[in-house]
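**Q** next one to model:
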Amino acid sequence: MGDVVEFDPNRYSELEMFFRRYRAFVEKHGEPKSLYVVNDKRMEEMNRAAGYIRQIVEGSTSDIDLDIGIDEDVRTMGYIDMRTEYLPLNRDEMNLLHKAEDLADAADVCATNDDRISYELAFHNVMIRKTQMKPN
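**A** Sure thing, here's the model as predicted:
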């Protein structure tokens with residue numbers, strides 16, 4: 001059983017004061033802006049995975065759309081999205097796909113509204129967030 005932690009009203013009021021001061025700061029200066037910088041190691045891994053996927057796309061007889069970029073909602077995450085109606089893979093192409101997956105943090109396969117297959121690889125921390133405050 002862990003130690004019993006007593007509630008300290010003085011500490012709570014300090015925390016509450018911090019949030020009040022922060023809210024006043026935001027009201028006066030506005031929300032903080034964010035600057036994102038490239039995480040070179042993760043970007044290199046994503047580019048290597050993209051190279052493997054490009055080899056699959058170039059060798060395929062299927063009509064494949066390939067989209068590579070940074071997520072607009074989660075700006076620290078990069079992605080590789082492959083969309084097709086049909087994706088036959090030989091052993092070499094499966095090995096390339098496994099190499100790309102090994103570099104990714106997540107993989108997602110789903111049907112799209114236009115009767116295609118979406119295969120997406122996600123790469124966390126491709127961009128690193130650096131917060132800056134607005135100038136006065």
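**Q** can you tell me how far the most centrally placed residue in the chain is from E85?
**A** Note on the chain: the residue nearest the mean C-alpha position is M77, at 1.8 Å, using Cα atoms, centre = their mean. Computed with Cβ to Cβ, to the nearest Å, the distance linking M77 and E85 is 27 Å. For every residue, glycine as well, the C-beta is placed using N, CA and C.
**Q** pretty sure A100 contacts I53?
**A** Yes: contact criterion Cβ atoms under 8 Å: A100 and I53 qualify, at 5.4 Å.
**Q** which neighbours do those two have in common?
**A** For the pair A100 and I53, residues contacting each of them under the criterion Cβ atoms under 8 Å, 6 or more residues apart in numbering are 80, 121.
**Q** okay, now E44: neighbour count?
**A** Using other Cβ atoms under 10 Å, E44 has 13 neighbouring residues.
**Q** on that earlier part again, what's near enough to touch the residue nearest to the centre of the chain?
**A** Under the criterion of Cβ under 8 Å, 6+ apart, the contact partners of M77 comprise 70-71, 122-127.
**Q** please flag which of those residues sit within helices.
**A** Counted as lying in helices by DSSP state H, out of the contacts of M77, is not a single one.
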